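> Below is the sequence, then the predicted model.
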Amino acid sequence: MITIYHNPRCSKSRACNLMLEDFGEKVQVINYTKDLFTEKTLAEIIRLLKIKPLELVRKNEQEWKDNYKGKELTNNEIIKAMVKYPKLIERPIVVNGNKAAIGRPMEAVQAIL
């Protein structure tokens, strides 16, 4: 099953969700602004993405600028920040089995389908 971690307020996230619907596979849609990530789940997704936690952070968000910018943070502290402030998470994130991609650009998602 394909899972999309989706923020319905984000145009890229909505577009990716539509693309997945058109793909014809069963898709589990998780609005991560309501169904919040746990640290464990987010860490696993980061592992599947094969990136460092900081690479998943939207650094222009006010919460990042106000609370974390310029600080030396561990990977665990960055994950805790994203769990506390879900707006900090790049979106959308699509997981297909043991593969994952951030839907920016959308071609990254197509590559794991």
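Yep, that arrived.

> Would you map the strands across this structure?
Here the chain has its strands, by DSSP state E, at 2-6, 27-31, 93-96, 99-102.

> Reformat those as TSV; add mean neighbour count, mean pLDDT and distance to residue 65.
Using the backbone N, CA and C atoms, a C-beta is placed for each residue, glycine as well. Shown next, in TSV, are the strands of the chain (neighbours: other CB atoms under 10 Å; pLDDT from 0 to 100; distance: least, CB to CB, whole Å):
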stretch	mean neighbour count	mean pLDDT	distance to residue 65
strand 2-6	22	95	23
strand 27-31	15	95	25
strand 93-96	23	97	22
strand 99-102	20	98	21
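
> which residues sit in contact with the most centrally placed residue in the chain?
Nearest residue to the geometric centre of the chain (CA atoms, centre = their mean): residue 93, 4.0 Å. Residue 93 is in contact with 4-5, 45, 49, 100-103, counting by CB atoms under 8 Å, 6 or more residues apart in numbering.

> how does it look with 7 Å?
5, 45, 100, 102 (CB atoms under 7 Å, 6 or more residues apart in numbering).

> Same question for residue 19.
Residue 19 touches residue 106, counting by CB under 7 Å, 6+ apart.

> if I look at it, how far off is residue 91?
14 Å (CB to CB, to the nearest Å).

> And residue 52, by the same measure?
Taking CB to CB, one finds residue 52 at 17 Å from residue 91.

> Compare those two (neighbour count), which wins?
residue 91 (22 against 11; other CB atoms under 10 Å).

> That one against residue 10, yeah?
Yes - between residue 91 and residue 10 there is a contact at 5.3 Å, judged by CB atoms under 7 Å.

> Find the residues that touch each one of these two.
With CB under 7 Å, 6+ apart, residue 91 and residue 10 have no common neighbours.

> Give me the residues contacting stretch 37-48.
Outside stretch 37-48, the residues touching it (CB under 7 Å, 6+ apart) are 53, 56, 79-80, 82-83, 86, 93, 95, 98-100.
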